[in-house]
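[1] Let's see this in three dimensions:
(one chain, ligands or ions: 2)
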Amino acid sequence: MAYDALLLLSFGGPEAPDEVMPFLENVTRGRGVPRTRLKAVAEHYHHFDGVSPINQQCRDLKAAIEADFADHGLDVPVYWGNRNWRPFLADTVREMKADGVRRAAAFVTSAYSGYSCCRQYIEDIERARAEVEGAPEIDKLRIYFNHPGFVEPVIENARAAYARLPEDLRDEASLVFTAHSVPIAQPGREAYVEELNDVAALVAESVAAGRPWALVYQSRSGPPTVPWLEPDVGDHLEKLRAAGARAAVIVPVGFVSDHMEVKFDLDVEAAELATRIGLRIERAATAGTHPRFVAMVRELLLERDGAERPALGTLGPRPDTCAETCCRRPA
Ligand SMILES: CC1=C(CCC(=O)O)c2cc3nc(cc4[nH]c(cc5[nH]c(cc1n2)c(C)c5CCC(=O)O)c(CCC(=O)O)c4C)C(CCC(=O)O)=C3C
Ligand SMILES: [Fe+2]
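    Ligands and ions are numbered 1, 2, ... in the order given. Down below sits the predicted model:
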């Protein structure tokens, strides 16, 4: 095994009311997000008593990966660090160094290419390593949006969401795939959109062949003057309803766990809108700690020792090291 540790690297989230604003300031530092937007998003967190679900989801995923490694005789310790909140990545890297870790593979809780999903995490790793003298080497594992270990749970969860619809609506409900919007000018945006479309087409074909589907965006941030990816999920649901639709299944294909962007922007905001306009919606669960997804983490690690590199859809496995065209900032 080329690696002596696995690093689970995530976004981070607050776990108490007084952590909400400091967390939001970490997320948006230097990114030109208006104060009014920050205050609105703080309310999303306060709606859940200031607790984001994402940290507990990371603890659960870490425990599931550890159990899976043990079941497969893989003696590799698992560490966890975040970009925006405790446990901060630099502290984790310090702990890894103290434990004698020399070379770690990083599994990031984001499946796609693009600056926010991929390159920013690579920058996080480099910044954290620069803070720790003698820090271990850390290689980010490849983009996995089209790995069967990600796609299969998405399909299974989309089917389960259909099954929760009343029987008379099941055959007509269309699929609405959602992903986090990003600025159109963001580096790697083309790859992000291409990859999202590829998985969405695959899932739609498998779950509701022949039925119309759409890829839409949620959780738009930034100043209103800057163009971001559209359409927004709310606008799309209204359009569907206006065209006579009675039901839809929402698949948050851009995310790997049911964190705040899913729990608030879909389960509260989109759900309220749907009720108001008379559209029945069911939201599919994300991969979370699905055993197939957990096994994928081990498979991605073993790929580095020469195991096969499976990929569904039309785009093929992404390389271990991102191409210039993927998500690097233009030089
Ligand atoms: C592509 C993408 C993903 C998916 C990939 C991945 O998962 O990494 C993602 C995930 C997440 N985004 C999250 C939360 C937030 N994102 C924000 C702001 C932003 N997101 C952006 C993009 C993305 N974000 C961008 C371009 C911004 C503007 C600021 C900037 O240019 O960076 C803000 C600031 C307030 C606001 O919304 O304006 C918050 C609070 C949480 C945590 C949820 C929880 O607490 O459970 C998660 C997992
Ligand atoms: Fe990348």
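
[2] Relative to residue 213, how far out is the spatially most central residue of the chain?
    The centre of the chain sits closest to residue 255, judged by C-alpha atoms, centre = their mean, with a distance of 3.0 Å. Using C-beta to C-beta, to the nearest Å, residue 255 is found at 17 Å from residue 213. C-beta: built from backbone N, CA, C; applies to glycine.

[3] Contact residues of the stretch 101-250 of the chain facing ligand 1?
    109-110, 116-117, 180, 182, 219, 221-222 (C-beta under 6 Å from any ligand atom).

[4] what sits against the residue nearest to the centre of the chain?
    179-180, 261-262, 286 (C-beta atoms under 8 Å, 6 or more residues apart in numbering).

[5] Next, format these as CSV and append neighbour count and pLDDT.
    Output for those, formatted as CSV (neighbours: other C-beta atoms under 10 Å; pLDDT from 0 to 100):
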residue, neighbour count, pLDDT
179, 27, 98
180, 22, 98
261, 22, 98
262, 24, 98
286, 22, 98
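
[6] Tabulate those residues (a markdown table), appending secondary structure.
    As requested, these are exported to a markdown table (DSSP: H, G, I helix; E, B strand; the rest coil):
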| residue | secondary structure |
| --- | --- |
| 179 | strand |
| 180 | strand |
| 261 | helix |
| 262 | helix |
| 286 | coil |
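
[7] can you list the residues you listed in JSON lines and add distance to residue 318?
    Shown next, in JSON lines, are the contacts of residue 255 (distance: C-beta to C-beta, whole Å):
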{"residue": "179", "distance to residue 318": "17"}
{"residue": "180", "distance to residue 318": "19"}
{"residue": "261", "distance to residue 318": "23"}
{"residue": "262", "distance to residue 318": "24"}
{"residue": "286", "distance to residue 318": "20"}
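
[8] May I ask which two of these are separated the most?
    Distances among those were taken as C-beta to C-beta; the most separated pair is 180 and 286, at 12.4 Å.

[9] ok, residues contacting stretch 93-101?
    4-5, 7, 77, 79, 81, 104, 128-129, 131-136, 138.

[10] Tell me if I am right that residue 58 is in a strand.
    No - according to three-state DSSP, residue 58 belongs to no strand; its state is helix.

[11] Remind me what the helix or strand harbouring residue 20 packs against, helices and strands.
    Element membership of residue 20, judged by DSSP states H and E, is helix 20-28. On a contact count with 3 or more C-beta pairs under 8 Å, 6 or more residues apart in numbering; DSSP states H and E, helix 20-28 meets helix 35-46.

[12] report the angle between the axes of the helix it packs on and helix 20-28?
    Using axes from the mean of the first three to the mean of the last three C-alpha atoms, to 10 degrees, the direction of helix 35-46 lies 130 degrees away from that of helix 20-28.

[13] Check which helices and strands helix 35-46 sits against.
    Packed next to helix 35-46, using 3+ C-beta pairs under 8 Å, 6+ apart, are helix 20-28.

[14] which residues in this protein form strands?
    Ranges of strands within the chain are 5-10, 78-82, 103-108, 137-140, 174-180, 213-218, 247-251, 280-283, based on DSSP state E.

[15] Of all those, which one comes closest to residue 32?
    Among those, strand 174-180 sits nearest to residue 32 (C-beta to C-beta), with 16.9 Å.

[16] and the residue nearest to the centre of the chain, what pLDDT?
    Model confidence at residue 255, given as pLDDT, is 98.

[17] Same question for residue 224.
    At residue 224, pLDDT is 88.

[18] That one: how many residues sit nearby?
    By the measure other C-beta atoms under 10 Å, the count of residues near residue 224 is 9.

[19] Report the contact partners of it.
    With C-beta under 8 Å, 6+ apart as the criterion, no residue contacts residue 224.

[20] Return the backbone torsion pair for it.
    Backbone torsions of residue 224, given as degrees, to the nearest 10, read phi -60, psi -20.

[21] State the distance from it to ligand 2.
    From residue 224 over to ligand 2 the distance is 28 Å, taken as C-beta to the ion, to the nearest Å.

[22] tell me the pLDDT at the residue in the stretch 101-250 of the chain positioned nearest to ligand 2?
    Going by C-beta to the ion, ligand 2 is nearest to residue 118 of the stretch 101-250 of the chain, at 3.2 Å. Here, the pLDDT recorded for residue 118 equals 96.

[23] what pLDDT does the nearest residue to it once chain neighbours are set aside get?
    Excluding its sequence neighbours, the residue lying closest to residue 118 (C-beta to C-beta, 6 or more residues apart in numbering) is residue 327, at 4.6 Å. pLDDT, residue 327: 77.

[24] so what's residue 327 up against?
    Neighbours of residue 327 in contact, by C-beta under 8 Å, 6+ apart: 113-115, 117-119, 187-188, 191.

[25] and with 7 Å instead?
    113-115, 118-119, 187-188, 191 (C-beta atoms under 7 Å, 6 or more residues apart in numbering).
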